[in-house]
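Novice: after the sequence you'll find the predicted model.
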Amino acid sequence: MISTSDIERAYTAIRPHIVRTPIVYSQKLSDLCGCRTLFKLENFQTTGSFKERGALNKLLNLSEVEREKGVVSASAGNHAQGVAYHCQRLTSRRKSSCL
């Protein structure tokens, strides 16, 4: 089970690498739903999706052995874009050919 400390640890790790996205109020949807409705605009992330948060957290938590083996994303969607983007960033930072 994921704990509050797991979430806080992930937030601390990914925070310097992720775009801080706004939360906006929607009057129209709030009226339709009968409650206050807010949107977290994750489409402002570099890859246009919240998926890069989880992808980056996983990449940052790989062991050295796992990094040397590399990663594969069996997706052509938002998750794969997050994995590819952060793999490239982390690889160029480490000056090596693998994560």
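Specialist: That came through, no problem.

Novice: got a list of what the residue nearest to the spatial centre of the chain touches?
Specialist: By Cα atoms, centre = their mean, the chain has its centre lying nearest to Arg53, at 1.2 Å. Arg53 sits next to Ala10, Ile14, Ile18, Gln45, Gly82 when contact means Cβ atoms under 8 Å, 6 or more residues apart in numbering. No exception for glycine: its C-beta is placed from N, CA and C like everyone else's.

Novice: quick one, helices of the chain?
Specialist: Counting by DSSP state H, one finds helices in the chain at the ranges 4-14, 27-33, 51-60, 64-69, 78-94.

Novice: show me how far the fourth one is from its chain's centre.
Specialist: For helix 64-69, the separation from the chain centroid amounts to 20 Å (computed by Cα atoms, centre = their mean, to the nearest Å).

Novice: ok, now the third one?
Specialist: Here helix 51-60 shows a centroid-to-chain-centroid distance of 5 Å under the convention Cα atoms, centre = their mean.

Novice: in that helix, what counts as buried?
Specialist: Neighbour-count burial for helix 51-60, with 16 or more other Cβ atoms under 10 Å as criterion, is recorded at Lys51, Glu52, Arg53, Ala55, Leu56, Asn57, Leu59.

Novice: mind listing what's buried in the lowest-mean-pLDDT helix or strand in the chain?
Specialist: Within the chain, judged by mean pLDDT, DSSP states H and E, the helix or strand with the poorest mean is helix 78-94; its value is a mean of 88. Of the residues in helix 78-94, Asn78, His79, Ala80, Gln81, Gly82, Val83, Tyr85, His86, Cys87, Leu90, Thr91 count as buried by neighbour count, 16+ other Cβ under 10 Å.
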